[in-house]
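Q: The following block contains a protein sequence and its predicted model.
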Amino acid sequence: MQGEAGDRGGGVAPGRIGPATALGFSACALPAAMPSLSMMSVLGRPGVLRLRLRLRMLLTALKPGVLVSQAGPAAAFGTSITSAKVAVNGVHLHYQQTGEGDHAVLLLPGMLGSGETDFGPQLKNLNKKLFTVVAWDPRGYGHSKPPDRDFPVDFFERDAKDAVDLMKALKFKKVSLLGWSDGGITALIAAAKYPSYIRKMVIWGANAYVTDEDSVIYEGIRDVSKWSERTKKPLEALYGYDYFARTCEKWVDGISQFKHLPDGNICRHLLPQVQCPTLIVHGEKDPLVPRFHADFIHEHVKGSRLKERSALYGIGSWSCGS
């Protein structure tokens, strides 16, 4: 979800925004040289509050048939970042793609986030020879508009299906997931509901249920006029103030509805169904995602690993102050 102050090298957003953005999960950069570890390990760095994830994911994936609408600046190894839209489940979903590796990785942004604003460091720094990296904009976010974003009680399940169907439309046979905040919840649901399609997963800033304590936090970010200018500016640039403010209010109402369900359930009932190797990351100084959420996911996802980084403010930083 959020943290306490800090840019993400792209956009910034409160609530549950992406690594390097608002609310502020700090920028996330995955090094080009991937260590030979059994799953994925994490390094935290103070200062800009960057979470450096090291992955070793040996997947076999078909190279996608990309529908390129425009090309971005050249990335490492001479590979460009392409930007396109694909028709999926009745909407046109926007995504960015880079790399030529056999290992497909999908990046899932947080509340109000987009691939562009939340995952600039990953798109730039992941090894283009080892990985094919896709960063998507969930419906109603980023450039996946229209439609406007809405939050029915099944919006996380809808996002999970959209994400999986997008990658299937791009002809990937299997994918690994990196999801944070809302994207982490979406990743958990995707892994549980499509176990044969998801090979490995890293999540951070996610929760499987909503408590009264969480609801107080959510209400605290409802009014975007109280956010710091540094936090608001990237989202206003992406959405315009009215859409940004309106969607934040709708998100608070949407996430708060889970508190009224038995046990505040979002996806806690699905956690035992997750079969893929899973790394859970938690920022020790994260004031918006209490540690018990990471512990609960770790306890109920069989074989998962939990890493807590004392240097991380919930993976980012956010502040209502100026």
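A: It's in.

Q: And residue 156, how far from residue 305?
A: Going from residue 156 to residue 305 by Cβ to Cβ, to the nearest Å gives 23 Å. (C-beta placed from N, C-alpha, C; glycine too.)

Q: Need phi/psi at residue 106.
A: phi -100, psi 130 (degrees, to the nearest 10).

Q: Ignore what I typed, I meant residue 252.
A: phi -60, psi -40.

Q: Verify the stated contact: it with residue 218.
A: Yes - the pair residue 252 and residue 218 passes the contact test of Cβ atoms under 8 Å, sitting 4.9 Å apart.

Q: check contacts around residue 175.
A: Residues in contact with residue 175, defined by Cβ atoms under 8 Å, 6 or more residues apart in numbering, are 59, 61, 104, 105, 106, 134, 167, 197, 198, 199.

Q: Of residue 156 and residue 305, give the one with the bigger neighbour count.
A: More crowded of residue 156 and residue 305, by other Cβ atoms under 10 Å: residue 156, with 23 against 17.

Q: Could you report the pLDDT at that one?
A: pLDDT, residue 156: 98.

Q: so it sits in a helix?
A: Yes - assessed by DSSP: H, G, I helix; E, B strand; the rest coil, residue 156 belongs to a helix.

Q: for the stretch 51-200 of the chain, what spans make up the helices?
A: Per DSSP state H, counting those that start in this stretch, the stretch 51-200 of the chain carries helices over the ranges 115-118, 120-125, 155-169, 182-193.

Q: Now do the second one, average pLDDT.
A: What it means is helix 120-125. Throughout helix 120-125, pLDDT has a mean value of 92.

Q: Begin at 50 from now on, thanks
A: Right, with 50 as the first residue, what we last looked at is helix 169-174.

Q: Report the backbone C-alpha coordinates of it in PDB.
A: Taking C-alpha atoms only, helix 169-174 is exported to PDB below (Å, rounded to 0.1, in the frame of the first residue of the first chain):
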ATOM      1  CA  GLY A 169       9.800   2.200 -14.700                       C
ATOM      2  CA  PRO A 170      12.800   0.700 -12.900                       C
ATOM      3  CA  GLN A 171      11.800  -2.900 -13.700                       C
ATOM      4  CA  LEU A 172      11.100  -2.100 -17.300                       C
ATOM      5  CA  LYS A 173      14.500  -0.500 -17.600                       C
ATOM      6  CA  ASN A 174      16.700  -2.700 -15.500                       C
END
